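Chemist: Sequence and predicted structure are below.
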Amino acid sequence: MPPEERADKMTERMKTALHLTADQAVKAKEINTKTLASGREIREKYKNMMLAEMKNAENEADSQYKRLLTARQYEIYSQKKEKKKEYFNHKERRQDNRKE
C-alpha cells in the first residue's frame, strides 16, 4: 500500500480516536505522509545495504568452497545453489504478482 493511502487510514483512525479538528486532521495527514515516506526510504536504503553485504558474504563462502571442494563437488554445489536461487526468484515473483 502506498504511503499516501496508509497516511489516509492512519489519519482517519486518529480523527476518530482523538476527535481531531479539521485543521488538525490536515496537519496530521501531512505528518503521517512524510513519516511513512521517510520510513520507506530508510527501509529501501538498508535493504540495499543488507543485500550487498549478504552478496559479499556469499561470494566469500563460494571462494572458500572452491578451494575446499574438488572440481566435481564444486560443480554439484554450484548447480544446487543455482536451482535454489531459481526457486526463490520464482517464489518472489509469485508473491509480487499477488500484491498487484
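Modeler: Yep, it's here.
Chemist: where's the residue of the chain positioned farthest from its centre relative to Ile76, distance?
Modeler: For the chain, the residue at maximal distance from the C-alpha centroid (CA atoms, centre = their mean) is Thr70, at 36.5 Å. Separation of Thr70 from Ile76 (CB to CB, to the nearest Å): 10 Å. To be clear about C-beta, it is placed using only N, CA and C from the backbone, and glycine gets the same treatment.
Chemist: returning to what we had before: got the confidence number for the residue farthest from the centre of the chain?
Modeler: Per-residue pLDDT puts Thr70 at 97.
Chemist: measure it to Lys80 for me?
Modeler: 15 Å.
Chemist: same question, Met14
Modeler: 51 Å.
Chemist: Quick one: residues contacting Lys15.
Modeler: If you count contacts by CB atoms under 8 Å, 6 or more residues apart in numbering, Lys15 has them with 25, 28.
Chemist: distance of it from Glu4?
Modeler: For Lys15, the distance to Glu4 equals 16 Å [CB to CB].
Chemist: before we move on, the earlier item: out of Met14 and Lys80, which sits in the more crowded spot?
Modeler: Neighbour count, other CB atoms under 10 Å: between Met14 and Lys80, Met14 has more, with 17 against 10.
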